[in-house]
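K.L.:
The following comprises the amino acid sequence and a computationally predicted model.
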Amino acid sequence: MASSILRHRSVSALGVAVLGIATLFTPVPALAAPAPDHTTMVSEVPTDKTPNINDGNVVAIYDAGTKVIVGGSFTKAQNRGASTTEVARKGVLAFDKATGKLDESFAPVLDGDVTAIIAGPTPGTVYLAGTFNQVNGTNFRKLALLNVADGTPVAGFKGPAFNGTVSDIALVDGRLLVGGIFTTVTATTTRNGLASLNPTTGAVTDYLTVALTENHNWTSTNGGAKAGVGVEKLTVSPDGKHLVVIGNFKKANGVVHDQIVRIDLGDSAATIADWNTDRYSAACRYISFDSYVRDVQFSPDGKYFVVVTTGASYPGTLCDSAARWETTASGGGQQPTWANYSGGDTFLSTGISEKAIYVGGHFRWSNNPLALDKAGPGAVPRASIAALDPASGLPLSWNPGRHPRGYGVTEMLVTPEGLWLGSDQEYIGNFDYQRKRLAFFPLDGGNAPHSTSTKGLPGDVYQAGRAAQTEVLYRVNAGGPAIPATDGGPDWAGDTATQPSPYHNGGNTAQAYGTNATFDATVPASTPATLFNAERWDQATAPDMQWDIPIAAGTRVDVRLYFANRYAKTGVVGARKFDVSVDGVLKLNDFDPVAGAGGTDRGTMRSFSVVSDGVVDVDFGRVVENPLIQGIEIVKTAPTPDAADVLYRVNAGGGQLAAPSGPAWATDTATAPSAYHNTGSNVQTYATGAALDATVPAGTPATLFDSERWDLATAPDMQWDFPVPAGTPVQVRLYFANRYAKTGVVGARKFDVSVDGVLKLNDFDPVAGAGGTNRGTMRAFAVTSDGNIDIDFGRVLENPLVQGIEIVKLPPVPPATTLDSITKRSYDGATAVGNASSVANPDNTKWSTVKGAFWVGGDLFYGVNGDLYKRSFDGTTFGTPKKLDPYHDAKWDLVVTGSAPEGSTYAGMTVNFSAELPNVTAMFYSGGRIYYTLAGQSTLFWRGFTPDTGVVGAERATVAGTTAFADAGGLFLDGSTLYVVSRTTGNLSSMAWSDGAPTGSATVRSGPGVDNVDWRGTSVFVGP
């Protein structure tokens, strides 16, 4: 049969006993049977059509049509405006909804307080529940049925003599359900906290007999707060089938249902449902609270209910939180869909519309799970009242505030016309609107929350930005074990104490750390997080730490050095400093890894572009404390020169030599000297061969070192000049060997070499440089020609000499393959892939710097440099980008809260997701969450998110069982299918998606090797 449900959320003596303050109540807002049918949030400006209630607290509100009835612990009220006349109203009053004037005809006299008000069984009647025993001098123990017109008791109704407070009531399908702090309803009838009555006579029935027993916290030995056992609040689902009860109890019918129990409302009896949770089992602040649940309310569609609590902040519990629970769930071990924490302040009330979950209390912040009595990461300023996104639980933009906060907002009632609010204070806003203990926010003038609609397939997939494709030549995890690559490149080679890298010298030490470091935006997205868990540090004794990595001469590379201070005793700025040189050039002077990374236990990277001379040499020098390095990566940034790039080769002092590729080594003999050098030098040949060191490029003839041109002591100094078109980047390679026996020791021969007037070799000793006499070596210098390459030799000790000269054109660094453009292509989700077309980028957005993107409800959200941005996007035109900072509010940031610590304000704190954004490789939005991947990690993560404000949840969660997302370079969801872009291959794969997690294996749908489509981009999303 169709259900008729009138329900109310109220306060009970339970809360009073716990607090020890007789006039304070926790709320139980009421809802009439019709759904509110809201399409927007309510206005932030309260109407002025409410009376002033001058003392006590409002804990119950009932909209009776043309009048409103209010209950609580107050004793006096007056009309708004110029009226100075106070009227006595004990626990209950009524006023005209249109004018706000007190109803003089409705003035029942009660001897106690009212905790709940709902519509009666017939039009024009209303139930009151509370602590009272009499109405107009007649006995009505805790429950009465009155006429709305004049407040007189309805004839024929006489409830039982409850031996304790009635906290809450609901009228469901011809039954009055009663909850409270009682154990008997008649002299011979026991009911523990719950009962059912005939709604017209008040007679006790046997429909609801579930017994609630035992204190949640108090025992005879724990010294905690003690309060009555029973119901704090109850709520009934819109279909009349489900009852949720919260309160101070541990068991229901002898079975543990700690502080919360669900009851099925059957046709003939109410029975405990197959549903349980231990999330309210924690004691929290037991010395102050015997029980801490304060309100519960079903959503208008009945799909979920919300529970709010006090109890102080205890990590891992649901104290001081608002939590959503799904109605369809069954069984034990239930967990909330989400929980919103205040950071140690009480939630007291909730009211729910189709668009928002309104919550009230005396909280200062929302989304504040990581701090106690202060704003922590993600905290959003919300003074006493807030509207939460039903999907995520995060605060929506509605923010009228209520300051001073006092005890708190103890009643919230959503009606088709708006939101009623009851409390113990006098103002809405920061003393903006005086509304003594009662306020109404009309639906008119309210804003609709941001749409949460997303686009699916078939549809358009957008690819924004493209990172430059580079070739990684070397990776070393300095001081640690090998680490698998996350981007398809080479693994990070190990360098442990027992198996050190062959690329560094001795005299240094490996050290490992047990926890991950964070890292800044300089660290590339492909870097494993564990790279910073080990280091190689240089000891104080000689030699200084040096790394030598062989790389083909002429190769343009970026030398990436990874640093982090992990040692606690050097964890402050200035405690550790060192120098770093690359190929003999000082690159880092007095480098401080704490200052450079922005903190200790934080990774950073420094990159230096060089042209290899055959070996990339990285030298460390001590300044303060030990130099260290966590990782070294060598990345090729341009093609290595080939034979076609050789402009000149000269066999100095000798005859022509054939080369395996490219031009031969030209003659430069005494009888046929090279045209490219001046006079005043001589030649010498040798009959035996020389050895070669690692700097000499492969393919160089060993016989190149069997002759030399050496400079005489007389002027002029030896000089070579090679015409090369101006602007051409070249590498000048000079080949040396000491072949003369009398200068075959270190220090016997030294000279200088300048290229285009710049000193390149100072006091160069070919024996020391090559590691011995009769040993060939090469030195290379990258220059840009001014039209002539000039090589000058200067005597220091003995004669300068050269065995060979080679000038090689350097292939230019290719134009940045990073694309700051955006394209789209149609896709059906299977095999039908459309051609890419460009989307205008009129403001030249640097899409290559964007970290993930997703489209929700008309706006594109994306990360840049640790910040989240949004802009409108209709598939053709982008709106102006807006940096999102919902954690600060100009109206509230400077307002002092009045709570400890002294002087603290409502200002929030930027969410910790900002630190992760530089490392995000892909994102998508679904069901109040953003799912995302991080560079160097194989897991899929999620956080709560509301597009209405851009608030991101402060707590990161891991999608259970996900281990295959290290290569993700794009993510988008279409219903029950998740699509993943590979950063390595450009392939697009799909996998099944169910209940917020991927299932099954991935199937490649498209890609360069499948249909010649490359899906890579810094941001890949489905849009309009």
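P.N.:
Arrived safely, thanks for sending.
K.L.:
I'd guessed residue 980 sits against residue 989; true?
P.N.:
Yes: counting by Cβ atoms under 8 Å, residue 989 is a contact partner of residue 980 at 5.1 Å. For glycine as for every other residue, the C-beta is placed from the backbone atoms N, C-alpha and C.
K.L.:
what residues are shared contacts of these two?
P.N.:
residue 1002 (Cβ atoms under 8 Å, 6 or more residues apart in numbering).
K.L.:
More neighbours: which of these two?
P.N.:
Between residue 980 and residue 989, counting by other Cβ atoms under 10 Å, residue 980 is the more crowded of the two (26 against 21).
K.L.:
How about the more buried one: which residues does it bridge to?
P.N.:
Under DSSP bridges, the beta-bridge partners of residue 980 are residue 971, residue 989.
K.L.:
where does the chain dip in pLDDT?
P.N.:
1-33, 467-470, 486-488, 813-818 (pLDDT under 70).
K.L.:
again, only using 80
P.N.:
Low-confidence segments of the chain (pLDDT under 80): 1-34, 82-83, 466-471, 485-489, 525-526, 639, 812-819, 936.
K.L.:
what about the residue sitting furthest away from the middle of it, which helix or strand?
P.N.:
Going by Cα atoms, centre = their mean, the residue of the chain most distant from its centre is residue 671, 75.3 Å out. According to DSSP states H and E, residue 671 maps onto no helix or strand at all.
K.L.:
Helices of the stretch 1-150 of the chain, start to end?
P.N.:
Residue ranges of the helices in the stretch 1-150 of the chain, as given by DSSP state H, counting those that start in this stretch, are 13-19.
K.L.:
quick one, helices of this protein?
P.N.:
Under the criterion DSSP state H, helices of the chain are mapped to 13-19, 593-597, 766-770, 913-916.
K.L.:
helices or strands next to the second one in the packing?
P.N.:
If I follow you right, that is helix 593-597. strand 556-563, strand 602-611 (3 or more Cβ pairs under 8 Å, 6 or more residues apart in numbering; DSSP states H and E).
K.L.:
closest one to residue 351 among the ones you listed?
P.N.:
Residue 351 sits nearest to strand 602-611 of all the helices and strands packed on helix 593-597, at 44.0 Å, using Cβ to Cβ.
K.L.:
Tell me which strands the closest one pairs with, and in which orientation.
P.N.:
The strands beside strand 602-611 in its sheet (DSSP bridges) come out as strand 518-519 (parallel), strand 556-563 (antiparallel).
K.L.:
The ones you listed: which one's closest to residue 1005?
P.N.:
strand 518-519 (33.0 Å).
K.L.:
so what's residue 969 closest to, chain neighbours aside?
P.N.:
Distances taken as Cβ to Cβ, 6 or more residues apart in numbering put residue 983 closest to residue 969, at 3.3 Å, once the chain neighbours are dropped.
K.L.:
Just give me the neighbour total for the one you found.
P.N.:
With neighbours defined by other Cβ under 10 Å, the count for residue 983 comes to 25.
K.L.:
Isn't it up against residue 965?
P.N.:
No: counting by Cβ under 8 Å, residue 983 does not reach residue 965; the two are 10.6 Å apart.
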